[in-house]
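Chemist: Next come a sequence and a model predicted from it.
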Amino acid sequence: MGAPRVPLEPPTPEQKAFLERAMQQYGKATYNFAYRLTGNEADARDLTQDAFIRVYRAWRSFQPGTSFLSWIYRIVTNLHRDELRRRKGRFQEELPEDNAPANFGGQRPLAVTPIEDYVERQLGEPLSKALGQLSAEQRQVVVLADIEEYSYQEIAEIMGCSIGTVRSRLHRARALLRRLVERAQRPT
Amino acid sequence: MMEHLNNDFLIDYLHGQLPPEDDALAHAHLESCASCRGEYEAEAALGEALRSTARAEELEFPSMIAAEIWQQVRDARPSLASQLASLFRPAIAVPVAAVAVVALYFAAPLAQYAGTPAKHVSANYYLEEHAAQQAQNPLGERSPTAAQLIESSAADIGNAADLAEAADAPPLAMMAAADASR
Ligand SMILES: [Zn+2]
């Protein structure tokens, strides 16, 4: 990706050990997280690589006793957002947030979709596709809340926003996801 | 009879993010209202579907990522600033600092590069401090201990200054502590 090319400093022995252990233990999770956010392997590779270079540079700012995974997810989330900003204009990546359906109030426009339906009709692919149609922020919040199962508080820290923002983004993202999946399910 | 629960409320309930009173209220309502229960199950099914899709599509960590990163690390060259800073490590700090003071006296513009002050703390202090931290850390044994790291770095370099720096480095041993439960 287009990260600025500030030259790296050679490692100290512990810095090297830190990077080695970080990749060994968290490389796979980080890569899969990046893949969920980007939706393709090439971008996920670039994002993961940039994230570990940041870990290497900033390793001393990691707070012992805190979650390394949360730390690197925060790095990945920031890099992903920056990258999308850079690309904006070239691609129609972003969907405006108010494109999402408004609060349903008391109405129930969506049919009930039991888990068996997702499995039987092999909705994995439509679901991944629907995820790709969300805005970057909506996708991040869904991945963090529903796949990684973080609390709203933890997500707010990772995304650098308020808990209220996490909550409203998740509500909108899920409502939109359900609508998109419903649409994909309907026979054409 | 109370009103039905809206989807936002159900989503917060599903994620265990309601305050206790609301959580109890939601729980009680779902017990008695089939309509809301159906909607709750749909929200829960979406979460399950997201997780099972992610599991099904899980990818291995590509070795090319690590290879590319290590290549960049191998290509790293010390910057002028860090070369100067390294002159101020304890073992060589005193003679070098004396020279530097003289040099700075005559070459004031260089002063900005010497911004990193000498660490006048002995290696022994760091070693003891770190050993004490290790002893308190029950998860420390899951990773190379500070002592091992210090030994290996000492063997590599055999230099008191680097020994101090390695002992100073904090987080490796505790990296896994907070993630162990996830
Ligand atoms: Zn109800």
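Modeler: Structure received.

Chemist: Is the helix or strand encompassing residue B:38 positioned near chain A?
Modeler: For residue B:38, the host element (DSSP states H and E) is helix B:34-56. Yes. With Cβ under 8 Å from any Cβ of the partner chain as the criterion, chain A is reached by helix B:34-56 at B:35, B:38-39, B:41-54, B:56. The way it works is simple: take the backbone N, C-alpha and C, and place the C-beta from them, glycine included.

Chemist: Run a quick neighbour tally on residue A:82.
Modeler: By the measure other Cβ atoms under 10 Å in any protein chain shown, the count of residues near residue A:82 is 14.

Chemist: how far away is it from residue A:50?
Modeler: To residue A:50, residue A:82 is 10 Å away according to Cβ to Cβ, to the nearest Å.

Chemist: Just the buried ones from the residues of helix B:34-56 next to chain A?
Modeler: B:39, B:41-50, B:52-54 (16 or more other Cβ atoms under 10 Å in any protein chain shown).

Chemist: Adding pLDDT and distance to residue A:70, write those residues out as a markdown table.
Modeler: A markdown table is the format used below for these (pLDDT from 0 to 100; distance: Cβ to Cβ, whole Å):
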| residue | pLDDT | distance to residue A:70 |
| --- | --- | --- |
| B:39 | 97 | 31 |
| B:41 | 97 | 30 |
| B:42 | 96 | 30 |
| B:43 | 97 | 25 |
| B:44 | 97 | 25 |
| B:45 | 96 | 27 |
| B:46 | 96 | 24 |
| B:47 | 97 | 20 |
| B:48 | 96 | 24 |
| B:49 | 95 | 25 |
| B:50 | 96 | 20 |
| B:52 | 95 | 24 |
| B:53 | 93 | 23 |
| B:54 | 93 | 18 |
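
Chemist: Is it possible to get TSV of those residues that adds distance to the ion?
Modeler: Below are these laid out as TSV (distance: Cβ to the ion, whole Å):
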residue	distance to the ion
B:39	8
B:41	13
B:42	13
B:43	13
B:44	15
B:45	18
B:46	19
B:47	20
B:48	22
B:49	23
B:50	25
B:52	28
B:53	29
B:54	31
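
Chemist: residues of stretch A:65-77 that come out buried?
Modeler: If you call a residue buried by 16+ other Cβ under 10 Å, then stretch A:65-77 has these buried ones: A:66, A:67, A:68, A:69, A:70, A:71, A:72, A:73, A:74, A:75, A:76, A:77.

Chemist: Just the element for the fourth one, please.
Modeler: Per DSSP H and E: residue A:69 is located in helix A:68-87.

Chemist: Render the CA-only coordinates of that helix in PDB, please.
Modeler: The C-alpha coordinates for helix A:68-87 follow below in PDB (Å, rounded to 0.1, in the frame of the first residue of the first chain):
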ATOM      1  CA  PHE A  68      -1.800  -7.600  21.700                       C
ATOM      2  CA  LEU A  69      -4.600  -8.600  19.400                       C
ATOM      3  CA  SER A  70      -6.600  -5.500  20.200                       C
ATOM      4  CA  TRP A  71      -3.500  -3.400  19.600                       C
ATOM      5  CA  ILE A  72      -2.800  -4.800  16.100                       C
ATOM      6  CA  TYR A  73      -6.500  -4.800  15.200                       C
ATOM      7  CA  ARG A  74      -6.500  -1.100  16.000                       C
ATOM      8  CA  ILE A  75      -3.400  -0.600  13.700                       C
ATOM      9  CA  VAL A  76      -5.100  -2.600  10.900                       C
ATOM     10  CA  THR A  77      -8.300  -0.700  11.300                       C
ATOM     11  CA  ASN A  78      -6.500   2.600  11.000                       C
ATOM     12  CA  LEU A  79      -4.400   1.500   8.000                       C
ATOM     13  CA  HIS A  80      -7.500   0.200   6.300                       C
ATOM     14  CA  ARG A  81      -9.400   3.500   6.800                       C
ATOM     15  CA  ASP A  82      -6.400   5.500   5.600                       C
ATOM     16  CA  GLU A  83      -6.000   3.300   2.500                       C
ATOM     17  CA  LEU A  84      -9.700   3.700   1.600                       C
ATOM     18  CA  ARG A  85      -9.500   7.400   2.000                       C
ATOM     19  CA  ARG A  86      -6.500   7.400  -0.400                       C
ATOM     20  CA  ARG A  87      -8.400   5.400  -2.900                       C
END
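
Chemist: how much distance is there from that helix to the middle of the chain?
Modeler: Distance of helix A:68-87 from its chain centroid, counting by Cα atoms, centre = their mean, to the nearest Å, is 8 Å.

Chemist: Would you mind splitting the chain into its domains for me?
Modeler: Since no chain was named, I'll use chain A. A:10-87, A:124-188 (automatic domain parsing).

Chemist: Let me rephrase: I mean chain B.
Modeler: B:7-56, B:138-181.

Chemist: so where do the strands sit in chain A?
Modeler: Taking DSSP state E, chain A contains no strands at all.

Chemist: dump the residue contacts of the spatially most central residue of it.
Modeler: For chain A, the residue nearest the mean C-alpha position is residue A:140 (3.3 Å; Cα atoms, centre = their mean). Each residue near residue A:140 by Cβ atoms under 8 Å, 6 or more residues apart in numbering or on different chains is listed here: A:37, A:77, A:80, A:81, A:159.
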